[in-house]
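Novice: sequence plus predicted model, see below.
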Amino acid sequence: MYLKSYCLCLFSCLFLIFSSCASKKDLIYFQNADEYNQKSISYSTNKIQYNDILNIQITSRNPEAVIPYNFDNTNFGRSNLIETLKFQGYLVSADGTIIFPTIGAVKVIGKTTRELELFIGDLLDKGGHVKDALVNIKILNSKVTVLGEVTRPGTFTITEENITFLQALGYAGDLKINANRKNILLIRDVDGVQIIQHIDLTNADLLKSSAYYVKQNDVIVVSPNNSKIKSSGYIGNIGTIVTIASIVLSTTILLSR
């Protein structure tokens, strides 16, 4: 009777411990990565979204002709120039437009920065404002937010034209050991529609997915895995399990006498 109770208690403890453990298949990134060796890279071009702040610089053979279209930043130091440009930049309004000098409202939503450069250059030329204008546009407030089971959750500014999903996780210090690598949420706005994608980092299919390159204002949510969820409940961590097992075992011995 005593031996049977002891074995039953020991089996229960071992079951609780091992059921809370994660396997290598749950932890290792891109387990089929060899299938994508030497894959051609296809870069993504981001489109302008609502609430983007655009820095628009116009140059021409006649410098005086472009003065009304450019902000004067000569009085600001380099350390705070970007923040100054954000206040002076063109905020994309809820109707998808910006107000550009002498031209008025310009529809910018849904265009890439390159498309908008050509569009504004054409407006300046055909409207007789500036001939042969060169337009340079950059989104000043591009950002990505990473939340959940990462080392440093937060919102991170993007200065490059293209960064990958993995780079965004790198900004956040990578996933914690208890992160669910098989079901990461990517929340993205596409032409005014909210899209939610489920990402499996243990599968290299991400490399050919539209989610591989991060877009401005993307939100990445990393959930805890089953082990972490179990440890946050009544059972607690391994130490708690051992303590409970000891109490159960002691009670079993006393009752069996």
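Specialist: That came in fine, so what should we check first? Bear in mind the structure is a predicted one, so any value in this text is a computation, not a measurement.

Novice: pLDDT on stretch 190-209, on average?
Specialist: Confidence for stretch 190-209, expressed as mean pLDDT, is 89.

Novice: go on, stretch 93-107?
Specialist: Mean predicted confidence for stretch 93-107 is 94.

Novice: got the end-to-end distance for it?
Specialist: Here the two ends of stretch 93-107 are set 10 Å apart, with distance taken as Cα to Cα, to the nearest Å.

Novice: and it, how far from the chain's centre?
Specialist: 29 Å (Cα atoms, centre = their mean, to the nearest Å).

Novice: before we move on, what about stretch 145-158?
Specialist: 7 Å.

Novice: what residues of that stretch count as buried?
Specialist: Neighbour counts over stretch 145-158 (16 or more other Cβ atoms under 10 Å) mark 145-150, 156, 158 as buried. All C-beta spots, glycine's among them, are computed from the backbone N, C-alpha and C.

Novice: run through who's touching that stretch.
Specialist: Contact partners of stretch 145-158, identified using Cβ atoms under 8 Å, 6 or more residues apart in numbering, comprise 141-144, 168-169, 171-176, 178-180, 214, 216, 218-225, 228.

Novice: give me the buried subset of those residues.
Specialist: Buried among those by 16+ other Cβ under 10 Å: 141-142, 144, 168-169, 171-172, 175, 178-180, 214, 216, 218-225, 228.

Novice: so what strands line up beside the helix or strand hosting residue 155?
Specialist: Assessed by DSSP states H and E, residue 155 sits inside strand 154-157. Paired strands of strand 154-157, with direction, are strand 143-148 (antiparallel) (DSSP bridges).

Novice: alpha carbons of stretch 128-142, as PDB, please.
Specialist: In PDB, the C-alpha atoms belonging to stretch 128-142 read as follows (Å, rounded to 0.1, in the frame of the first residue of the first chain):
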ATOM      1  CA  GLY A 128       4.700  76.900 -63.300                       C
ATOM      2  CA  HIS A 129       6.000  77.000 -59.700                       C
ATOM      3  CA  VAL A 130       9.500  75.400 -60.100                       C
ATOM      4  CA  LYS A 131      11.000  74.000 -63.200                       C
ATOM      5  CA  ASP A 132      13.100  70.800 -63.100                       C
ATOM      6  CA  ALA A 133      12.400  70.400 -59.300                       C
ATOM      7  CA  LEU A 134      14.100  67.600 -57.500                       C
ATOM      8  CA  VAL A 135      11.900  66.300 -54.600                       C
ATOM      9  CA  ASN A 136      13.200  64.200 -51.700                       C
ATOM     10  CA  ILE A 137      10.700  62.800 -49.200                       C
ATOM     11  CA  LYS A 138      11.300  60.900 -46.000                       C
ATOM     12  CA  ILE A 139       8.900  59.600 -43.300                       C
ATOM     13  CA  LEU A 140      10.100  61.000 -40.000                       C
ATOM     14  CA  ASN A 141       8.000  59.100 -37.500                       C
ATOM     15  CA  SER A 142       8.200  55.500 -38.800                       C
END
